[in-house]
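Undergrad: Structure for the following, please:
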Amino acid sequence: MNNNNLKQRIAAASKLVDRGVTMKEAAEVMQVTYNQLNVYRKENETVSRRNVFTVAERIDAVRRMINGESPQVIAEDIGAARKSLYRWKEQHDAGILTLSNAVAVRSVPPVKPEPVEQYVIDGQSFGSIEECKKYAVEKLGGITLTRTVTETIKL
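TA: The predicted model follows:
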């Protein structure tokens with residue numbers, strides 16, 4: 001009976017930790033040792049670890065920290081190490097961790113569109129060299145043409 005009571009207290013302490021209480025506090029409240037609680041949590045760990053978090057996920061975790069949520073709760077919630085949260089916060093505070101610095105990750109490489117030739121005289125665009133020459137001769141009495149190619153790449 002006493003052994004079952006101990007297991008129940010350890011399980012209850014683990015639930016407290018899941019809710020944001022530190023392991024030390026949970027162990028004291030439930031009258032179990034820190035080591036017993038730690039062993040129980042490692043044996044019953046079912047959360048799979050992720051190695052990669054998107055920039056948006058990292059920023060969201062940092063915002064939760066800034067709003068006062070416990071780093072331990074956030075770390076357990078998203079499956080990250082608490083140390084990672086602090087590193088992300090440092091990067092965020094330094095202006096390194098921003099969505100504008102994010103690199104898009106795609107499973108399919110982007111299709112590179114064909115270069116589009118465009119001719120411009122006095123702000124007016126022409127689709128072909130012939131149209132451009134005709135305009136230059138008719139309206140301007142002749143002009144030196146410079147060919148430029150603009151490539152648009154979608155990411």
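Undergrad: Keeping just the C-alphas, turn the lengthiest helix in the chain into CSV.
TA: Across the chain, the longest stretch assigned as helix under DSSP state H is helix 2-18. Output of helix 2-18 as CSV, limited to C-alpha atoms (Å, rounded to 0.1, in the frame of the first residue of the first chain):
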residue,chain,number,x,y,z
ASN,A,2,2.8,2.4,0.9
ASN,A,3,4.6,1.7,-2.4
ASN,A,4,1.4,2.5,-4.4
ASN,A,5,1.1,5.7,-2.4
LEU,A,6,4.6,6.7,-3.4
LYS,A,7,4.0,6.0,-7.1
GLN,A,8,0.9,8.1,-7.0
ARG,A,9,2.7,11.0,-5.3
ILE,A,10,5.5,10.8,-7.9
ALA,A,11,3.0,10.8,-10.7
ALA,A,12,1.1,13.7,-9.2
ALA,A,13,4.4,15.6,-8.8
SER,A,14,5.2,14.9,-12.5
LYS,A,15,1.8,16.4,-13.5
LEU,A,16,2.7,19.5,-11.4
VAL,A,17,5.9,19.8,-13.4
ASP,A,18,3.8,19.5,-16.7
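Undergrad: Check which element follows that helix along the chain.
TA: helix 23-29 (DSSP states H and E).
Undergrad: Dump that following helix to PDB, restricted to CA.
TA: The C-alpha trace of helix 23-29 is given here as PDB (Å, rounded to 0.1, in the frame of the first residue of the first chain):
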ATOM      1  CA  MET A  23      10.700  19.800 -10.300                       C
ATOM      2  CA  LYS A  24      12.200  20.900  -7.000                       C
ATOM      3  CA  GLU A  25       9.000  22.500  -5.800                       C
ATOM      4  CA  ALA A  26       6.800  19.600  -7.100                       C
ATOM      5  CA  ALA A  27       9.000  17.100  -5.300                       C
ATOM      6  CA  GLU A  28       8.800  19.100  -2.000                       C
ATOM      7  CA  VAL A  29       5.000  19.500  -2.200                       C
END
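Undergrad: quick one: the closest residue to Ala61 other than its chain neighbours and Gly68, what's the gap?
TA: Nearest residue to Ala61 in three dimensions, chain neighbours excluded: Ile74, at 5.4 Å (C-beta to C-beta, 6 or more residues apart in numbering). (C-beta placed from N, C-alpha, C; glycine too.) Using C-beta to C-beta, to the nearest Å, we find Ile74 at a distance of 11 Å from Gly68.
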